[in-house]
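have a look at this prediction, sequence included:
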Amino acid sequence: MSVIASWTLQNEMPIPDDVMPLLTPGEKPVAAFKTFRDSAVFTSKRLIVRDAQGITGKKVESHVLRQHATFRKY
């Protein structure tokens, strides 16, 4: 079974504080965008998607896509 995830980036937002501990040495946050309840943070090395779970959205799960899997260099 194949699962396809899609996110609609709505508005740019400040970098969420809880993303900073996920960054590796030398990695810098570039921009963050609000989705419906979640957010997507582009860094210098990858894309981090914060997925709010449950009715209140207090439980947050993070999904990480490495840069070479998400960005095409021209």
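Received it, and whenever you're ready, just let me know what you need. Residues are numbered from 1 along each chain as shown.

where do the strands sit along the protein?
11-13, 29-34, 39-43, 46-53, 59-66 (DSSP state E).

least reliable of those strands by average pLDDT, please.
Of all the strands of the chain, strand 59-66 carries the lowest average pLDDT, namely a mean of 71.

okay, the angle between that one and strand 46-53?
Taking axes from the mean of the first three to the mean of the last three CA atoms, to 10 degrees, one finds strand 59-66 and strand 46-53 inclined to each other by 160 degrees.

and strand 59-66, what other elements does it pack with?
Packing partners of strand 59-66 (3 or more CB pairs under 8 Å, 6 or more residues apart in numbering; DSSP states H and E): strand 46-53. Placement of C-beta: from N, CA and C, glycine included.

could you pull out the buried residues of the strand it packs on?
46, 47, 48, 49, 50, 51 (16 or more other CB atoms under 10 Å).

on contacts alone, who are the packing partners of it?
Packed next to strand 46-53, using 3+ CB pairs under 8 Å, 6+ apart, are strand 39-43, strand 59-66, helix 67-70.

now do 6 Å
Here strand 46-53 touches strand 39-43, strand 59-66, going by 3 or more CB pairs under 6 Å, 6 or more residues apart in numbering; DSSP states H and E.
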